[in-house]
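In: What shape does this take:
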Amino acid sequence: MFEHFFQCPYCWEEISVLLDPSVSQQTYIEDCENCCNPIEFRVSFSENELQTFEANNIEQ
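Out: This is a model prediction of the structure:
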């Protein structure tokens, strides 16, 4: 697993997520551990290296 730190797109707190580099393309939704708002993650790996990471708010 790969720990990645980023700022929540809602509360701007720095939080972390655990990413699985064995899956090259990932899109999923997870709640912020601080403010509990849903965040859409788009992640890609190449040769077990993180290539792209997006954490976007979900307009509700």
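
In: just for this structure, where's the confidence low?
Out: Scanning the chain for pLDDT under 70 picks out 60.

In: All the strands of it, residue numbers only.
Out: Listed in chain order, the strands of the chain (DSSP state E) span 2-7, 14-19, 25-31, 38-46, 49-57.

In: just how off-centre is the third one within its chain?
Out: So the one you mean is strand 25-31. 7 Å (Cα atoms, centre = their mean, to the nearest Å).

In: what does that strand contact?
Out: Contacts made with strand 25-31 from outside it, assessed by Cβ atoms under 8 Å, 6 or more residues apart in numbering, are listed as 17, 19-20, 37-44, 58. C-beta here means a position set from N, CA and C on the backbone, and glycine is covered the same way.

In: got it, and stretch 51-60?
Out: 4, 6-10, 19, 29, 37-45.

In: Are any of the residues you listed buried, and if so which?
Out: Among the contacts of stretch 51-60, the ones that count as buried by 16 or more other Cβ atoms under 10 Å are 8, 19, 39, 41, 43, 45.

In: Can you give me the distance of the closest residue to the second one other than its chain neighbours to Val17?
Out: Distance criterion Cβ to Cβ, 6 or more residues apart in numbering; nearest residue to Leu19, sequence neighbours excluded, is Phe2 at 4.5 Å. Counting by Cβ to Cβ, to the nearest Å, the separation of Phe2 from Val17 is 9 Å.

In: Ser46 now?
Out: 19 Å.

In: mind listing what the residue positioned nearest the centre of the chain touches?
Out: Centroid-nearest residue in the chain, with Cα atoms, centre = their mean: Phe41, separated by 4.3 Å. With contacts defined as Cβ under 8 Å, 6+ apart, Phe41 is in contact with 17, 26-30, 53-56.

In: in the sheet, who's paired with it?
Out: Each beta-bridge partner of Phe41 is listed here: Tyr28, Ala55, as defined by DSSP bridges.

In: got it, and the one 5 residues further on?
Out: According to DSSP bridges, the partner residues bridging Ser46 are Glu49.

In: Is it correct that it is in contact with Val23?
Out: No: assessed by Cβ atoms under 8 Å, Ser46 is found out of contact with Val23, at 11.9 Å.
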